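K.L.:
Show me how the following folds:
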Amino acid sequence: MLNIPLFVLIIVATALIFDFINGFHDSANSISTVVSTRVLSPKVAVLWAAFFNFAAIFFVGTPVAKTIGTGIIHPDIVDDYIIIATLGGAITWNLITWYLGLPSSSSHALIGGLIGAGVVKAGTSTLIWSGIIKTTAFIFISPLIGLGLGLCFMVTVLNLSRHSNISRTQKIFRRMQLFSAAIFSLGHGMNDAQKTMGIIAVVLYSRGLLGETFHVPFWVEFLCYLFIALGTMTGGWRIVKTMGQKITKLQPIGGFSAETAAACSIIGATVFGIPVSTTHTITGAIVGVGAVKRLTAVRWGVASNILWAWILTIPMSATISALFYMIALMLLN
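P.N.:
Purely as a prediction, here's the structure:
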């Protein structure tokens with residue numbers, strides 16, 4: 001490991017705390033379907049999800065980390081206070097939405113934090129609009145992809161099992177849901193852990209600790225995957241109920257379809273370096289699965305509350321981050 005100054009180590013530790021809270025906040029995404037269908041108990045489910053969160057380290061590089069580190073604001077203006085304010089804004093918004101039981105996006109909270117602190121320091125000229133537009137567009141695209149895939153998977157498996165009785169079908173898909181939950185958790189780890197990697201790497205790069213080329217050291221990868229897995233193990237139980245029961249009632253066949261659909265979407269986005277929200281994707285997939293039965297099977301009031309939380313995440317985390325940055329400047333002066 002590099003010879004890193006103490007304050008940078010404090011920032012890295014803060015980033016890992018965010019990573020832990022990310023896992024804690026988003027554990028519902030990985031386990032809500034498998035718990036609500038009673039395929040796994042909550043304790044076993046979080047261990048299952050955490051294991052595959054960490055296992056993602058062996059399956060993908062760092063394309064999403066590079067987008068976060070260099071594709072939202074210009075890395076040249078990044079300083080220690082921007083990073084602290086960014087993490088403060090993202091952590092605060094995550095805890096607010098966790099307390100309210102709303103599945104918001106840790107990814108977009110982090111991006112909003114970067115935008116808010118960056119604009120306070122250097123104005124809107126520091127924003128990299130291509131990266132911001134690509135990322136914010138997926139606030140709406142990722143749940144729609146999840147919804148479409150969830151609907152398609154549900155229709156497909158219903159047709160494939162139409163000659164089977166209900167008892168046998170439930171038994172088969174209870175087993176298959178172990179696989180789908182594992183793949184979804186793998187995708188969750190791949191995409192979400194890389195966002196914290198990007199933050200840590202940009203801090204190291206701004207201090208000249210990575211040389212002339214931006215990259216993510218392996219020790220940063222290892223710690224980020226470890227902390228998101230530890231966070232997942234603690235379980236965000238408030239959001240589990242919203243995801244697994246309040247949107248629509250799920251059976252193993254529906255849980256399998258939703259998890260598989262969301263996993264395909266997340267892993268695909270990760271390969272192309274797009275920081276998507278696992279929350280948005282799995283919620284869209286659950287809605288798609290519920291809509292196959294009938295439109296009234298989806299509790300649209302709950303879905304609309306979740307949608308508002310998504311829309312507000314970037315501006316609210318940006319505002320909180322901007323306040324943190326101004327407070328840091330006042331304390332410094």
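K.L.:
now the helices for the stretch 201-333 of the chain?
P.N.:
For the stretch 201-333 of the chain, the helices defined by DSSP state H, counting those that start in this stretch occupy 218-234, 237-241, 252-271, 278-293, 300-332.
K.L.:
Among those, which comes closest to Ile68?
P.N.:
Between Ile68 and the helices of the stretch 201-333 of the chain, the shortest separation by Cβ to Cβ is 11.4 Å, and it involves helix 218-234. Quick note: C-beta positions are derived from backbone N, CA and C, even for glycine.
K.L.:
Quick check: buried residues in that closest one?
P.N.:
The neighbour-count check on helix 218-234 (16 or more other Cβ atoms under 10 Å) flags 220-221, 223-233 as buried.
K.L.:
Dump those residues to TSV, plus pLDDT.
P.N.:
Shown next, in TSV, are the buried residues of helix 218-234 (pLDDT from 0 to 100):
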residue	pLDDT
Val220	93
Glu221	94
Leu223	95
Cys224	94
Tyr225	94
Leu226	95
Phe227	95
Ile228	92
Ala229	92
Leu230	92
Gly231	88
Thr232	85
Met233	82
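K.L.:
Please report phi then psi for the nearest residue to Lys134 once chain neighbours are set aside.
P.N.:
Nearest residue to Lys134 in three dimensions, chain neighbours excluded: Ile274, at 6.5 Å (Cβ to Cβ, 6 or more residues apart in numbering). For Ile274, the backbone dihedrals are phi -100, psi 120 (criterion: degrees, to the nearest 10).
K.L.:
can you pull out the strands in the stretch 1-150 of the chain?
P.N.:
Secondary structure of the stretch 1-150 of the chain (DSSP state E, counting those that start in this stretch): no strands present.
K.L.:
about what we covered before: for the helices of the stretch 201-333 of the chain, which one sits closest to Asp79?
P.N.:
It's helix 300-332; of these, that one is closest to Asp79 (Cβ to Cβ) at 9.8 Å.
K.L.:
Show me what the closest one is packed against.
P.N.:
helix 80-100, helix 106-122, helix 129-160, helix 278-293 (3 or more Cβ pairs under 8 Å, 6 or more residues apart in numbering; DSSP states H and E).
K.L.:
so which of those comes closest to Thr33?
P.N.:
Ranking the helices and strands packed on helix 300-332 by their distance to Thr33 (criterion: Cβ to Cβ) puts helix 278-293 first, at 7.1 Å.
K.L.:
if I read this right, the residue nearest to Lys134 contacts Val64, doesn't it?
P.N.:
Yes. Judged on Cβ atoms under 8 Å, Ile274 makes contact with Val64 at a distance of 7.1 Å.
K.L.:
Between those two, which has more neighbouring residues?
P.N.:
The neighbour comparison of Ile274 against Val64 (other Cβ atoms under 10 Å) goes to Val64, with 27 against 22.
K.L.:
can you tell me which residues contact the nearest residue to that one once chain neighbours are set aside?
P.N.:
Closest residue in space to Val64, ignoring its immediate chain neighbours: Gln194 at 3.8 Å, by Cβ to Cβ, 6+ apart. By Cβ atoms under 8 Å, 6 or more residues apart in numbering, Gln194 lies in contact with Thr62, Pro63, Val64, Ala65, Ile68, Cys224, Thr270, Pro275.
K.L.:
mind redoing it with 6 Å?
P.N.:
Shown in contact with Gln194 (Cβ atoms under 6 Å, 6 or more residues apart in numbering): Thr62, Val64, Ala65.
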